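Novice: with the sequence up front, the predicted model follows.
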Amino acid sequence: MPYAVILAHPRPGSFNHALAHAACAALGRLGAEVRLHDLYAEGFDPLLEAPEMGRDAPLSPSLSLHCREIAAAEGIVIVHPNWWGMPPAILTGWVDRVMRPGVAYEFLEGDNGEGVPRGLLSARGAVVLNTSNTAREREVRVFGDPLERIWKDCVFGLCGVADVRRRMFETVVTSSPGTRQEWLRQTEALILETFSVS
């Protein structure tokens, strides 16, 4: 099964792009088939319209492709900057539209939507790579590291992916080229550690 790499940064050549390509390279060394989606480059529409909300709603061909790929992915890698303690809006919209009922989760029979859904994703693990210009100590002390909760509990935990590993690279704005090279090496090591077959 292929691996999905989802990148959300508007500037081509950003360090987020370098992280995504390092992840793809590491997956390639494992012999994995990789599907990279650069959401900004693709012009992904993040707006969830009302007619699309139902489980059996008709989907556009491009959205159907995203849904099929994420449902079949053996592993998932998400790459994005920390903006206001959240992913960029384009990635939040991707979650809204792709991590949908019947693809990423389902409610059990007899549940009117008030219960805890059952996750449907078959991925055996997920890696989330973030960049930030806030020092980690301040991020945790002042803000409580909301991205940790969003990805581990609210998205992947709900959708059935138990092994979720996250790495925040900070402080990017003052980092040296040597530091960034080390971060790319750490990214490849994390991908290999997470997805190597033991």
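Specialist: Yep, that arrived. Residues are numbered from 1 along each chain as shown.

Novice: look at stretch 97-109 and report the distance between its end residues.
Specialist: When the termini of stretch 97-109 are compared using C-alpha to C-alpha, to the nearest Å, they are 23 Å apart.

Novice: downstream of the lowest-mean-pLDDT helix or strand in the chain, the next helix or strand is which one?
Specialist: The helix or strand of the chain with the poorest confidence is helix 136-138; it has a mean of 70 (mean pLDDT, DSSP states H and E). Later in the chain than helix 136-138, the nearest helix or strand by DSSP states H and E is helix 146-149.

Novice: tell me which strands and helices that following helix is in contact with?
Specialist: Other helices and strands packing on helix 146-149, by 3 or more C-beta pairs under 8 Å, 6 or more residues apart in numbering; DSSP states H and E, are strand 164-170. C-beta coordinates here come from the backbone N, C-alpha and C atoms, glycine included.

Novice: buried residues in the strand it packs on?
Specialist: Neighbour-count burial for strand 164-170 flags 164-166, 168-170 (criterion: 16 or more other C-beta atoms under 10 Å).

Novice: tell me the mean pLDDT for the helix of greatest length in the chain?
Specialist: Counting by DSSP state H, the longest helix found in the chain is helix 177-195. For helix 177-195, the mean per-residue pLDDT is 97.

Novice: got the buried residues for it?
Specialist: For helix 177-195, using 16+ other C-beta under 10 Å, the buried residues are 183-184, 187-188, 190-191, 194-195.
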